[in-house]
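# Sequence unavailable; structure follows:
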């Protein structure tokens, strides 16, 4: 929900800035947008007390509101294609100041996946989309994707059709009949130490243009437990070799605006990896990215087939880090903090409370009366 607009409009509570349409609410220091679109006055919190961040969010909000108004004017009442509604939805997501950049990117990815999986949908009249068509699409789509991906894609479908309802194209939402998929906890099938090294070696020696970079990314993810989106943002200045830690920022703005961040200890494997990369790239600047590739799933898929191991994803490498830590004696709440969880360890306990059989047996062998 948006931050409630303060009721008082007295001059001593509001401070003008040097930027048009940007006000500062003095008691909280939070910046507000104050824009007029086709005669309608819109005042909305930008949810920040940093003026540089406020300027960026103001620009996004202005663009979103003007495009939304223009779209509503151009859409003929009662007639709207799904593709037209999807464009309105994408603009709203892009201009939503309360949404994190990664969330915006993810929603756009889900929208693209929806359109690709239901190719006739883009040109369909929203008014003519039926419950039966939605259920048939869901039955097919659900076979190939995880429950979480399925549920989020269904959400996008419903949200886009809601825009059709707003425009008067229809009065009900046929996608509301699609049932949510039950979230099943994934059974972890993680490689042993020797198998992991064989797996990384297979990636490195595959002969591709970026094979070595992909192998280094796999090591980086496994040694630090980062999300793939986090790994892509880590710069050399975030790597503290003296303090043996790596700082992870919540989003690009956090780096300069004193925003959300956490620190992950630099285990010896990580220190060795970064030391090698640093020596190979002596010209690297502090703000250069440590990793030279942003993902390596295809390389991992080919390597898994070659070394005869279950398929491993970027996120599985995060699980591998957590498992190694717990097997090495690190308590679960600490591992949870390193992973960036904010639930005190509840999710980590659920995910890693039951480690591989061989580890449990090894621990049981130590119990004596």
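Perfect, thanks for sending it. For clarity, every value in this text was computed on a predicted model and none was experimentally measured.
# Every contact and neighbour count from this point should use C-alpha atoms.
Noted.
# Give me the contact list for stretch 289-305.
199-200, 202-203, 210-211, 213-214, 216-218, 228-229, 231-236, 310-314 (CA atoms under 8 Å, 6 or more residues apart in numbering).
# What subset of these is buried?
199-200, 202-203, 210-211, 213-214, 216-218, 228, 231-236, 311-314 (16 or more other CA atoms under 10 Å).
# Of those, which belong to helices?
Of these, the ones assigned to helices by DSSP state H are 199-200, 202-203, 211, 213-214, 216-218, 228, 231, 314.
# pLDDT of the longest strand seen in the chain, averaged?
Of all the segments of type strand in the chain, defined by DSSP state E, the longest one is strand 30-37. Mean per-residue pLDDT for strand 30-37: 90.
# packing partners for that strand?
Packed against strand 30-37, as judged by 3 or more CA pairs under 8 Å, 6 or more residues apart in numbering; DSSP states H and E, are the following elements: strand 22-25, strand 40-45, helix 51-74.
# What pairs with that strand, parallel or antiparallel?
Sheet pairing for strand 30-37, assigned by DSSP bridges, gives strand 22-25 (antiparallel), strand 40-45 (antiparallel).
# In that strand, which residues are buried?
Going by 16+ other CA under 10 Å, strand 30-37 has these buried residues: 30-35.
# For those residues, give me CSV that also has distance to residue 60.
Formatted as CSV, the buried residues of strand 30-37 follow (distance: CA to CA, whole Å):
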residue, distance to residue 60
30, 17
31, 14
32, 13
33, 11
34, 13
35, 12
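# Next, count neighbours for the closest residue in space to residue 108 that isn't next to it in sequence.
Spatially, and ignoring its direct neighbours in sequence, residue 108 is nearest to residue 90 (6.9 Å; CA to CA, 6 or more residues apart in numbering). By other CA atoms under 10 Å, 16 other residues sit near residue 90.
# low pLDDT regions in the stretch 151-300 of the chain?
184-188, 250-259 (pLDDT under 70).
# What segments of it are helices?
Counting by DSSP state H, counting those that start in this stretch, one finds helices in the stretch 151-300 of the chain at the ranges 193-204, 211-224, 228-231, 254-257, 268-280, 297-307.
# To residue 161, which of those lies closest?
helix 228-231 (29.7 Å; CA to CA).
# Which other helices and strands does that closest one contact?
Using 3+ CA pairs under 8 Å, 6+ apart: helix 228-231 touches helix 211-224.
# between the helix it packs on and helix 268-280, how big is the angle?
Computed with axes from the mean of the first three to the mean of the last three CA atoms, to 10 degrees, the direction of helix 211-224 lies at 150 degrees from that of helix 268-280.
# and the angle from helix 211-224 to helix 193-204?
Using the same axes, to 10 degrees: helix 211-224 against helix 193-204 is 150 degrees.
# same for helix 211-224, what does it pack against?
Using 3+ CA pairs under 8 Å, 6+ apart, helix 211-224 is in contact with helix 193-204, helix 228-231, helix 268-280, helix 314-327.
# Give me the residues contacting the third one.
Same thing as helix 268-280. 216, 219-220, 223-224, 241, 244, 284.
# Put the buried members of the residues you listed into a ChimeraX selection.
Selection of the buried residues among those in ChimeraX, burial being defined by 16+ other CA under 10 Å:
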select :216,219,220,223,224
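# okay if I get the contacts of helix 268-280 as TSV plus distance to residue 175?
Formatted as TSV, these follow (distance: CA to CA, whole Å):
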residue	distance to residue 175
216	43
219	42
220	41
223	42
224	40
241	52
244	50
284	51
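# Which helix or strand contains the residue nearest to residue 108?
helix 82-95 (DSSP states H and E).
# how about that helix: buried residues?
Quick answer for helix 82-95 (16+ other CA under 10 Å): 82-86, 88-95.
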